[in-house]
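**Q** With the input below, show me the fold.
(one chain, ligands or ions: 2)
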Amino acid sequence: MASPQGSGAPLEFGGPLGAAALMLLLPATMFHLLLVARSGPARLLGPPPYLPGPEALWSPQMLLLWFTWLGLQAALYLLPARKVAEGQELKDKSRLRYPINGFQALVLTALLVGLAVSAGLPLGALPEMLLPLAFAATLTAFIFSLLLYLKALVAPASALAPGGNSGNPIYDFFLGRELNPRIWSFDFKYFCELRPGLIGWVLINLALLMQEAELRGSPSLAMWLVNGFQLLYVGDALWHEEAVLTTMDITHDGFGFMLAFGDLAWVPFTYSLQAQFLLHHPQPLGLPMASVICLINAVGYYIFRGANSQKNTFRKNPSDPRVAGLETIPTATGRQLLVSGWWGVVRHPNYLGDLIMALAWSLPCGVSHLLPYFYLLYFTSLLVHREARDEQQCLRKYGLAWHEYCRRVPYRILPYVY
Ligand SMILES: NC(=O)C1=CN([C@@H]2O[C@H](COP(=O)(O)OP(=O)(O)OC[C@H]3O[C@@H](n4cnc5c(N)ncnc54)[C@H](OP(=O)(O)O)[C@@H]3O)[C@@H](O)[C@H]2O)C=CC1
Ligand SMILES: CC(C)CCC[C@@H](C)[C@H]1CC=C2C3=C(CC[C@@]21C)[C@@]1(C)CC[C@H](O)C[C@@H]1CC3
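**A** Ligands and ions are numbered 1, 2, ... in the order given. Down below sits the predicted model:
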């Protein structure tokens, strides 16, 4: 039951002060974006059009709707899975088991929503409820993180994350103390990372598309593109759900406010920003420009999926014919690093593809406003920071072999630039 206070891991995110600032700044940014997206000038950097009073934020009905959504996703998570995957080896040499049924949850949610809409559910009314729903999600994230923090007090030391156990309560609350908090086999972090937020994001997009159809007779081409691109991204993440088990969020970071808020509130309510913007600021988009944007998204997806699949295939089975011919660097751990193929172009080709897609999601919104480009700006800084964190971890894991990889592949994300 011991908890190693002051575990000695280097502090990230600017330490306790940075963590405290982010805990205020992230929800404030999310509410700012929600308010600004529906305002006439839609200025990213200006003040919000008004400050919402408690009656605009707090609604018991929206809280109930939010919990119904979480309950539905939890029920779908518990349905029999097509596959059960094992996670990475833990400190105590054990491996946790995870159900692989995220895509099934997406399809079943689509069927249920389809049935409910045909029975008269006014999905197009959802955009009017975003503010109180986002407030319910934020409140849930705060309370949930507090419960997770308390749960970690009685967790065995082997269950704690390397990073979030500095002994500073603010920092540890933000980063998360326990690595894989579970009740029986229900894994909270894995559940939150892929289900309520990601599926909620595409549902909000769909509701915005439906409201646009109600307002203007039919959805605009720009709205179709944004919905299509982001549905592809979410569908892809859930189809390749097993790949999330090797991300640093699952293997390294504890489950605290950062991920709870990020997964439950930030993803659905800010990643849907382009569709929110388009509902209130329709943009003309001709077929030639739409084709160019589709091409940009396709190129981004091709790089993103190609790089991720190449690494996942290689990590599962280095002798797989699809990757067996690639050049590698041996490491002292026995694992190898790819140094040709996508991973020989830059050290994070998957981030490059992801960023190209992020650009394609903003372009349908035109160039008259900076607001729809918020995701691209935020995502660039998230991935630059994430890449630096991953490099630190790889350097610790692979030492000299990592130096050799950096020498052979000098650019991190963008060839010849960064
Ligand atoms: N939309 C969003 O908000 C976000 C999206 N993403 C996306 O999620 C996906 C997963 O990203 P992320 O979790 O950051 O990490 P990555 O999938 O990029 O994985 C990094 C790990 O890959 C392994 N690796 C690195 N270089 C090599 C190499 N040359 N050969 C073989 N293995 C190597 C290392 O782990 P090891 O050696 O232990 O296998 C390293 O720790 C990405 O596509 C990213 O774009 C990520 C964050 C947010
Ligand atoms: C609120 C903060 C700014 C930080 C929040 C970060 C989270 C929103 C992201 C951390 C890692 C994520 C991943 C994904 C979504 C965003 C979060 C949760 C994916 C599931 C997106 C789809 C990809 O195919 C896989 C990603 C894994 C990491």
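**Q** In three-state terms, label Ser166 for me.
**A** The three-state assignment at Ser166 reads coil, by DSSP: H, G, I helix; E, B strand; the rest coil.
**Q** Tell me if I'm right that it and Ala9 touch.
**A** Yes. Between Ser166 and Ala9 there is a contact under Cβ atoms under 8 Å: 7.2 Å. For glycine as for every other residue, the C-beta is placed from the backbone atoms N, C-alpha and C.
**Q** What are the buried residues along stretch 204-222?
**A** By 16 or more other Cβ atoms under 10 Å, the buried positions in stretch 204-222 come out as 204-212, 219-222.
**Q** Next step: those restricted to helices.
**A** Ile204, Asn205, Leu206, Ala207, Leu208, Leu209, Met210, Gln211, Glu212, Leu221, Ala222 (DSSP state H).
**Q** And the furthest pair within those residues?
**A** Taking Cβ to Cβ as the measure, these span a maximum distance of 19.6 Å, between Ile204 and Leu221.
**Q** and the stretch 201-350 of the chain, which of its residues are near ligand 1?
**A** Within the stretch 201-350 of the chain, the positions near ligand 1 by Cβ under 6 Å from any ligand atom are 246-248, 304, 308, 311, 315, 335, 337-338, 343, 348, 350.
**Q** Now do stretch 305-321: distance to the chain's middle.
**A** 22 Å (Cα atoms, centre = their mean, to the nearest Å).
**Q** Output that stretch as PDB, nothing but the C-alphas.
**A** Taking Å, rounded to 0.1, in the frame of the first residue of the first chain, the C-alpha atoms of stretch 305-321 are listed here in PDB:
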ATOM      1  CA  ARG A 305      -1.600   5.000 -41.400                       C
ATOM      2  CA  GLY A 306       1.400   3.700 -43.300                       C
ATOM      3  CA  ALA A 307       3.800   4.800 -40.500                       C
ATOM      4  CA  ASN A 308       1.700   3.500 -37.700                       C
ATOM      5  CA  SER A 309       1.000   0.200 -39.400                       C
ATOM      6  CA  GLN A 310       4.600  -0.300 -40.300                       C
ATOM      7  CA  LYS A 311       5.700   0.200 -36.700                       C
ATOM      8  CA  ASN A 312       2.900  -1.900 -35.200                       C
ATOM      9  CA  THR A 313       3.500  -4.700 -37.700                       C
ATOM     10  CA  PHE A 314       7.300  -4.600 -36.900                       C
ATOM     11  CA  ARG A 315       6.800  -4.600 -33.200                       C
ATOM     12  CA  LYS A 316       4.400  -7.500 -33.300                       C
ATOM     13  CA  ASN A 317       6.500  -9.600 -35.700                       C
ATOM     14  CA  PRO A 318       9.800  -8.300 -37.200                       C
ATOM     15  CA  SER A 319       9.900 -11.200 -39.600                       C
ATOM     16  CA  ASP A 320       6.500 -10.300 -41.200                       C
ATOM     17  CA  PRO A 321       7.200 -10.100 -45.000                       C
END
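**Q** mind listing what's buried in that stretch?
**A** Taking 16+ other Cβ under 10 Å as the criterion, stretch 305-321 shows Ala307, Asn308, Ser309, Gln310, Lys311, Thr313, Phe314 as buried.
**Q** pretty sure Gly306 is touching Trp342, no?
**A** Yes. Using Cβ under 8 Å, Gly306 is in contact with Trp342, at 5.6 Å.
**Q** which residues do those two both contact?
**A** Shared contacts of Gly306 and Trp342, defined by Cβ atoms under 8 Å, 6 or more residues apart in numbering, comprise Pro349.
**Q** Please parse the chain into its domains.
**A** Using the TED database, the domain ranges for the chain come out as 18-39+55-282, 287-417.
**Q** Do the longest one and ligand 2 come into contact?
**A** Yes. Residues of domain 18-39+55-282 are located near ligand 2 by Cβ under 6 Å from any ligand atom, namely 26, 193-194, 237, 244, 247, 249, 258, 261-263, 266-267.
**Q** now that domain: how far from the chain's centre is it?
**A** 8 Å.
**Q** Report the rounded mean pLDDT for it.
**A** The average pLDDT for domain 18-39+55-282 rounds to 96.
**Q** How many neighbouring residues does the residue of the chain found nearest ligand 2 have?
**A** Residue nearest to ligand 2 within the chain: Gly262 (2.6 Å; Cβ to the nearest ligand atom). When neighbours are defined as other Cβ atoms under 10 Å, Gly262 has 18 of them.
**Q** buried stuff in the helix or strand hosting Phe67?
**A** Using DSSP states H and E, Phe67 falls within helix 60-78. By neighbour count on 16+ other Cβ under 10 Å, the buried set for helix 60-78 is Met62, Leu63, Leu65, Trp66, Trp69, Leu70, Leu72, Gln73, Leu76, Tyr77.
**Q** Is the fifth one in contact with Arg195, as I believe?
**A** Which is Trp69. No. The criterion here is Cβ under 8 Å, and Trp69 misses it with Arg195 at 9.9 Å.
**Q** coming back round to it: among the buried residues of stretch 204-222, list the two that are farthest apart in space.
**A** Applying Cβ to Cβ across the buried residues of stretch 204-222, the maximum distance is between Ile204 and Leu221, 19.6 Å.
**Q** Select from the residues of the stretch 201-350 of the chain next to ligand 1 every entry located in strands.
**A** Those of those mapping onto strands are Leu337, Leu338, per DSSP state E.
**Q** where do the helices sit along the stretch 1-150 of the chain?
**A** Shown for the stretch 1-150 of the chain, the helices assigned by DSSP state H, counting those that start in this stretch span residues 15-37, 54-57, 60-78, 102-118, 130-153.
**Q** Name the surrounding residues that touch whichever helix or strand comes after the last one.
**A** In other words, helix 130-153. Counting by DSSP H and E, the element after helix 130-153 in chain order, helix or strand, is helix 169-175. Helix 169-175 is contacted by residues 11-13, 15-16, 19-20, 22-23, 145-146, 149, 161, 163-166, 253-254, 256-258 when judged by Cβ under 8 Å, 6+ apart.
**Q** Stretch 307-317 too?
**A** 240, 243, 246, 320, 322-323, 326, 335-336, 338, 341-343, 349-350, 352-353.
**Q** State the mean pLDDT of that stretch.
**A** Stretch 307-317 comes out at a mean pLDDT of 94.
**Q** who touches Trp66 in this structure?
**A** Counting by Cβ under 8 Å, 6+ apart, Trp66 touches Leu133, Ala136, Ala137, Thr140.
**Q** Please list all residues in contact with the third one.
**A** The reference is to Ala137. Trp66, Leu264, Ala265, Pro268, Phe269.
**Q** now Leu179
**A** Shown in contact with Leu179 (Cβ under 8 Å, 6+ apart): Leu90, Ala159, Leu160, Ala161, His252, Asp253, Gly254, Phe255.
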